[in-house]
Structures are given as structure tokens and as C-alpha cells.
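**Q** generate a structure from the sequence data that follows.
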Amino acid sequence: MNAFRRSLTASLAAAAVLATVAAPGHATDTWPSKPVRLVVAFPAGAPGDIVSRLMQPALQKALGQPVVVDNKPGAGGNIGMQEVARATDGHTVLVGPDTMLTINPHLYRKLAFRPMEDLVPVTQLASFSQELVCFPGAGIKTLPELLAAAKAKPMSYASGGPGVPGHMAMEMLLADAGVQMQHVPYRGPSPAMQDVMGGMVPCGFLASPTVGPIIRDGKLVPIAVSGSKRLSSQPAVPTVAQAGIKGYDASFAEMMAMPRSTPPAVVARLQVEVAKALAAPELRERLATMDLEVVANTPEEAARRLRAEHQRWGQVAARVQLQLD
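**A** Numbering: from 1, shown residues only. Below is the predicted model:
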């Protein structure tokens, strides 16, 4: 039994326990009582937006209420995250990369809310890597060539925004390699990708689900992937570690969270329905073609992983002396 099947089994078991102990009038008896809003903290085309829209029909059917996908991008996910953290209607859900909770608290010291304290994880939806890509006209085809070019003259790189996975993945890479490049942040991976394709910025560390189709069209040159293993859709592209930066690993996951005040039974119910939706073979296969690997873990499992990643990225942020306010 693979990890996803174990997670789904655990989710269903937890739901069964909740059903047996819940008293009449429990929160799950009436939830959801109105449309559920998925606040995606990044623009259309970002991995979390892709997952949300693909599972929306199944989730809507299971919950018996409309499920609305509402993109609220900006500030590395902080705008959408703050809206959800302050929501009191019990039907507002955050979707975005785990970096919103694992990295942003280390980079933004003046937030008007506390990500790790004011939000409770529902699940990690799917894992993904960042992919380092370059404009074909730049003439760069390997990581050593990129690092040599950056040492020879000033260079810039694009990311989907300050503090997002691509930004942190690149800063960790540059710190490990002893190289400097100028960061050019965008409001999401799609607009960053457009400028790299056009040659306005020579390279970028962007979400693999976003750049994968463009790479296959020959409009971007893949250099390396940030995770610990190669992408199944691009087996010829090495990981950063394989390309020469030993021990490097920057893996990420799209996650779902709700305000801390949400009843645990509601969080558990939503996670179970999400896991069921993501278990559909056709949806899993569709996500796999975009290098998104379904996780759908329980709230408890997601919380443990987020705490561990929060500690790890805090050490990285301190090492590269990165703070955004």
C-alpha cells in the first residue's frame, strides 16, 4: 500500500470515528450551509489554482454546495492568507504553496496575523518541484554554464514573487554555489514565465507544472529541478544536486488551510472529501502529466510536515540573510 493509499485510509478512519462520537447538532451536520470559497493565494495557472479547479466538480458534488475558486494573489500569498485567517464564516478555505506557512513567517516580520497560529492545515494537496529554466537566446543549457555566466557578469533571475518557492529555491542555490544574481519578482509564475520566454529576464526558477508545457514546445531551456528526484515528464533534466550542488533539495507542496477557529470535525470532513476527489484515477493521471504528485494527507500529518519545513526554511532564511520587511 503506497503512501497516498495509507493517507486516504487514515482519513476515512478518522471520519468514521468523528461520525460515531458526534452529537446531534454537531458542526458537520449542517456544514457546509452555503457556498465554500477556495481562496487561491496565487494567480490563475499556479499549481494550487490548477489543483483547485480540477477537483472543484467532485468536491462540489460531495459537499452539496457550490465551490467557488477565488484568486487573491500578491505579497507571496500574504494577501489571500490574511483574508482567510480573518474569515469568520466557516466556509472560507486557503489554497496555496506550503511556503506561506513555512517560509513567510521568517521573511515578513510585520504581518498583521500569525500564519502558523491563525491557520490550521486541512491537507497538503500535491507535491511539486521548481524548475530552473532559461531563455533559449541566452545560450545557457546547464547549471555550470549558468553559474559561470553569473560570475562573469551581472545577471538577473525571475520568480513568481518574493518569498515564493522559486525565490527561496534560487537563493538557496546561489548561497550554496557562492554566486550572486539579481532577483526580479513577479505576481505569480505565469507572468514571470512570459518575461523569461521573451528574454526580458534570462532565467527563472518557476513551478514545474507551469513551465513544463512551454519546455515541451521548445520555448524554454530546462536547466535543473529543485527536488530530490527527476520529473517523470522530463527524465533527462537533472536535479540541482545531480547538476553539481551536492545535498541540495527544495521540494514543495500545495496545501489547504482554514481559520484556527474552524471546528476540527469540519476540517476533518473537508479533508476526507478532498482526499476522495484527488483519489480519482483520471484526476491523478492529469495531475501527474503536470508533475503534481497527489499527497492528500490528514490534518495531523500535514501539520507535522509543516512544522518540520518551517524549521528547515527558517535556517535557510537565516543563512542567506533574507528578510523582506
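
**Q** does I140 sit in a helix, a strand or a coil?
**A** Under DSSP: H, G, I helix; E, B strand; the rest coil, I140 falls in the coil class.

**Q** who touches it in this structure?
**A** Remark: with contacts taken as CB atoms under 8 Å, 6 or more residues apart in numbering, I140 is in contact with 134, 146, 149, 202-203, 221, 223. Placement of C-beta: from N, CA and C, glycine included.

**Q** mind listing what's buried in the longest helix along the chain?
**A** For the chain, the helix reaching the highest residue count under DSSP state H is reported as helix 299-319. Of the residues in helix 299-319, 299, 301-303, 305-306, 309-310, 313, 316-317 count as buried by neighbour count, 16 or more other CB atoms under 10 Å.

**Q** so the residue nearest the centre of the chain versus E145, what's the distance?
**A** The residue lying closest to the centre of the chain (CA atoms, centre = their mean) is P97, at 2.5 Å. Distance of P97 to E145, computed by CB to CB, to the nearest Å: 29 Å.

**Q** likewise M200?
**A** 20 Å.

**Q** next: V68.
**A** Per CB to CB, V68 is found 45 Å from E145.

**Q** likewise for L220?
**A** For L220, the distance to E145 equals 15 Å [CB to CB].

**Q** now do stretch 190-198, average pLDDT.
**A** Stretch 190-198 carries an average pLDDT of 95.

**Q** name the residues of it that come out as buried.
**A** So, applying 16+ other CB under 10 Å, buried residues of stretch 190-198: 190, 192-193, 195-197.

**Q** what residues does R230 make contact with?
**A** Taking CB under 8 Å, 6+ apart, we find R230 in contact with 237-239, 242.

**Q** so which of those residues comes closest to R269?
**A** Among the contacts of R230, T239 lies closest to R269 (CB to CB), at 37.7 Å.

**Q** phi and psi next, for that closest one.
**A** Per-residue torsions, T239: phi -80, psi 160 (degrees, to the nearest 10).

**Q** for V40, same thing?
**A** Dihedral pair for V40: phi -90, psi 120, per degrees, to the nearest 10.

**Q** return the distance of it relative to E285.
**A** For V40 relative to E285 (CB to CB), the value is 22 Å.

**Q** care to break the chain down by domain?
**A** 3-127+252-319, 129-225 (automatic domain parsing).

**Q** please identify the most buried of these.
**A** For the domains of the chain, the largest average neighbour count (mean count of other CB atoms under 10 Å) is found in domain 129-225, namely a mean of 21.

**Q** and that domain, end to end?
**A** End-to-end distance for domain 129-225: 6 Å, by CA to CA, to the nearest Å.

**Q** just give the closest residue to K219, not the sequence neighbours.
**A** Excluding the flanking residues, the one nearest K219 by CB to CB, 6 or more residues apart in numbering is M197, at 5.4 Å.

**Q** R86 too?
**A** Excluding the flanking residues, the one nearest R86 by CB to CB, 6+ apart is F113, at 6.8 Å.

**Q** list the contacts for the one you found?
**A** With CB under 8 Å, 6+ apart, F113 has these contacts: 81-82, 85-86.

**Q** likewise for V267?
**A** Residues in contact with V267 (CB under 8 Å, 6+ apart) are 120, 122, 258, 299.

**Q** what average pLDDT does the strand or helix carrying it get?
**A** Element membership of V267 [criterion: DSSP states H and E] is helix 264-278. Across helix 264-278, the average pLDDT comes to 97.

**Q** got the contact list for R37?
**A** Neighbouring residues of R37 by CB under 8 Å, 6+ apart: 67-68, 70, 91-93.

**Q** can you do 10 Å?
**A** 66-70, 72, 83-84, 87, 89, 91-94 (CB atoms under 10 Å, 6 or more residues apart in numbering).
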